[in-house]
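Asker: Sequence first, then the predicted structure, then my questions.
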Amino acid sequence: MTMRDLGTIAAEERACRKAWSAAPNATHAWHCHHDDLVEDLHDPAEDRINYIVRGKPVEEQAFRLRLFRPVRDDTVAPAWKVYDDTVAPAWKVYDDTVASARKVRDDTVAPARKVRDDTVAPAHCAECDPDCPWK
Ligand SMILES: [Zn+2]
């Protein structure tokens with residue numbers, strides 16, 4: 001990731017906060033996450049800025065702060081809605097399928113794990129450290 005005239009992290013953070021404070025009613029953001037061009041805001045922009053400067057790798061911070069900006073053009077929100085209405089059913093199927101698969105997995109793994117652990121408990125007690133928290 002390179003960008004011409006990229007400032008220090010502090011300078012990019014100031015510019016980012018300034019852009020967001022100038023658009024207090026923004027509902028969408030450019031480059032909230034690296035893999036999506038535009039997203040609707042679920043949390044205050046401040047939260048994302050704080051996360052970038054506290055949680056993202058230092059070498060990415062200035063770049064992310066430069067690109068994370070409020071959407072000002074009023075054609076973007078309707079385009080987002082068309083997109084969201086289109087993908088929402090697919091996400092519901094995905095979420096339901098994952099939840100169902102997770103239940104099958106958990107219902108199988110938990111009892112099998114208990115049988116395994118009960119079976120190997122004597123060997124574990126004999127071989128592992130006396131202070132092992134698994135005992
Ligand atoms: Zn142990």
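Answerer: Arrived safely. Numbers count the residues shown, from 1 in each chain.
Asker: By residue count, tell me the biggest helix in the chain.
Answerer: helix 76-127 (DSSP state H).
Asker: Which neighbouring elements make contact with it?
Answerer: strand 28-30, strand 38-40 (3 or more Cβ pairs under 8 Å, 6 or more residues apart in numbering; DSSP states H and E). From N, CA and C alone the C-beta is placed, and that goes for glycine too.
Asker: deepest of these, which one?
Answerer: strand 28-30 (a mean of 18; mean count of other Cβ atoms under 10 Å).
Asker: thinking again about what came up before, so for the ion, which of the helices and strands packed on helix 76-127 sits nearest?
Answerer: Closest approach to the ion among the helices and strands packed on helix 76-127 (Cβ to the ion): strand 38-40, 44.7 Å.
Asker: just checking, next helix/strand downstream of that closest one?
Answerer: helix 45-55 (DSSP states H and E).
Asker: The residue nearest in space to the middle of the chain in helix, strand or coil?
Answerer: Nearest to the mean C-alpha position of the chain, by Cα atoms, centre = their mean, lies residue 33 at 8.0 Å. The three-state assignment at residue 33 reads coil, by DSSP: H, G, I helix; E, B strand; the rest coil.
Asker: And it, how far from residue 68?
Answerer: Going from residue 33 to residue 68 by Cβ to Cβ, to the nearest Å gives 9 Å.
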